[in-house]
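**Q** Would you be able to build a 3D model of this:
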Amino acid sequence: MQFQQLQYFVAVAETRHFTRAAELVHVAQPSLSQQIKALERELGADLFLRARGNITLTDAGEALLPLARRILADTETARYEVQELVQLRSGRVRLGATPSLCTGLLPDVLRAFHDRYPGIRLLIEEGGSHDLVRELARGALDLALVVLPLPTPSPALTTVELLREDLVVVSSPEAAKPGEGRRTVRIADLEGERMVMFRHGYDLRELTVAACRAEGFEPDFAVEGGEMDAVLGFVRAGLGVAVVPRMVAARSGRGLRVTPLARPGLHRAIALAHRSDVAPPRAARELQRMLLER
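**A** Numbers count the residues shown, from 1 in each chain. Model (predicted):
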């Protein structure tokens, strides 16, 4: 049973006339009649009673008609939905990102993407790079923004470096400034400072602790264990200083003193990752393009 045969059958059933039905579906009348006969042979039953030019449905035709209409309607719906997706009028993008990137990089890019493709649903998952890599590998995400180097590099993933971001020191305006009297802060100036530190597994925690140890001291934590919003809140409350990405500090600067790190400073590399064996969906590829061109 072919889709075209059902289309011809419904046209005859609705017009009760083979010639008008052929005109309706833009096919020669003999071809339409041959397809109807082929359908009847396949089903083993006549679908129409043909008497003196009067076309009526048989019992078999009456039974087939609602089913054929449903199949044609479902096919049209499927065609429409696929076209919507191809033309980026509907669909979804599953994007993973670290909390700091959700705060600093993503808002402006996602706003531009949503303005251009309002029918695309954006599903965002926050997590550390290690967790996001795992979610990518199992197919739960289309794309992920991760911090390089990856904790567990995998040939199953393709990564493209997106940007390198400076880190800065944030503190409460009322608190004494580390490296008082200078426009920049050295990592060595953080020795003896009470620090607000991210939870274990957070990329910024490992980077900051490693930088302090390279200067020969262990950082002194006043509070530890928070995500980005919590860390910024604790700094505003005067509990200590923190090292955060420049973009985060720029978006969250109210109630914070922001001080650059002296050269060579601290930086982190941000990459866009996806599975190597499966191309991201069309909508995800468009978001990928906008991120790379930002």
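
**Q** Give me the distance between the residue lying farthest from the centre of the chain and residue 9.
**A** Largest separation from the mean C-alpha position in the chain: residue 52, at 62.1 Å (CA atoms, centre = their mean). Going from residue 52 to residue 9 by CB to CB, to the nearest Å gives 21 Å. To be clear about C-beta, it is placed using only N, CA and C from the backbone, and glycine gets the same treatment.

**Q** same question, residue 125
**A** Residue 125 is 48 Å from residue 9, by CB to CB.

**Q** just residue 172 next, same as before
**A** For residue 172, the distance to residue 9 - CB to CB - is 77 Å.

**Q** what about the helices in the stretch 101-250 of the chain?
**A** 106-116, 129-137, 203-214, 228-236, 246-251 (DSSP state H, counting those that start in this stretch).

**Q** neighbour-wise, which of residue 172 and residue 9 wins?
**A** Taking neighbours as other CB atoms under 10 Å, residue 172 and residue 9 compare with residue 9 leading, 27 against 18.

**Q** I'd like to check which residues are in contact with that one.
**A** By CB atoms under 8 Å, 6 or more residues apart in numbering, the residues touching residue 9 are 36, 39, 47, 61, 64-65, 68.

**Q** and it, that one's in a helix?
**A** Yes - Residue 9: assigned to a helix according to DSSP: H, G, I helix; E, B strand; the rest coil.

**Q** Quick one, grab the pLDDT at it.
**A** If you check residue 9, the pLDDT there is 96.

**Q** ok so, going back, may I see the helices of the stretch 101-250 of the chain organised as CSV, with distance to residue 163 and mean pLDDT added?
**A** Supplementary listing: those in CSV, determined by distance: least, CB to CB, whole Å; pLDDT from 0 to 100:
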stretch, distance to residue 163, mean pLDDT
helix 106-116, 12, 94
helix 129-137, 15, 87
helix 203-214, 14, 92
helix 228-236, 18, 92
helix 246-251, 9, 88
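
**Q** What is the burial count for residue 31?
**A** 13.

**Q** In which helix or strand does it reside?
**A** helix 29-43 (DSSP states H and E).

**Q** And the next helix or strand past that helix?
**A** strand 48-51.

**Q** Could you name the helices and strands sitting against that following strand?
**A** strand 54-57 (3 or more CB pairs under 8 Å, 6 or more residues apart in numbering; DSSP states H and E).

**Q** and the longest strand for this structure?
**A** strand 157-171 (DSSP state E).

**Q** can you state the direction angle for it and helix 228-236?
**A** 20 degrees (axes from the mean of the first three to the mean of the last three CA atoms, to 10 degrees).

**Q** Quickly run through the sheet partners of strand 157-171, with directions.
**A** For strand 157-171, sheet partners with direction are given as strand 242-245 (antiparallel), strand 257-260 (antiparallel), strand 267-275 (antiparallel), following DSSP bridges.

**Q** Let me have the ones you listed in CSV, extended by mean pLDDT and mean neighbour count.
**A** What follows is these, written out as CSV (pLDDT from 0 to 100; neighbours: other CB atoms under 10 Å):
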stretch, mean pLDDT, mean neighbour count
strand 242-245, 94, 26
strand 257-260, 92, 17
strand 267-275, 93, 19
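
**Q** Any idea which of those gets closest to residue 148?
**A** strand 267-275 (4.1 Å; CB to CB).

**Q** which element follows that closest one toward the C-terminus?
**A** Heading C-terminal from strand 267-275 (DSSP H and E), you reach helix 282-293.

**Q** Which neighbouring elements make contact with that following helix?
**A** helix 59-86, strand 91-97, helix 106-116, strand 143-148, strand 157-171, strand 267-275.

**Q** where in this protein is pLDDT low?
**A** For the chain, applying pLDDT under 70 flags the ranges 151-153, 179-181, 253.

**Q** quick check: domain ranges of it?
**A** When the chain is parsed with automatic domain parsing, its domains come out as 3-86, 91-162+269-293, 164-267.

**Q** on that earlier part again, residue 162 is nearest to which of the strands paired with strand 157-171?
**A** So among the strands paired with strand 157-171, strand 267-275 is nearest, using CB to CB, at 4.8 Å.

**Q** by how many degrees do that closest one and helix 203-214 diverge?
**A** 140 degrees.

**Q** Residue 104 reaches residue 251, doesn't it?
**A** Yes - here residue 104 reaches residue 251: they are 5.9 Å apart, a contact under CB atoms under 8 Å.

**Q** Much appreciated, bye for now.
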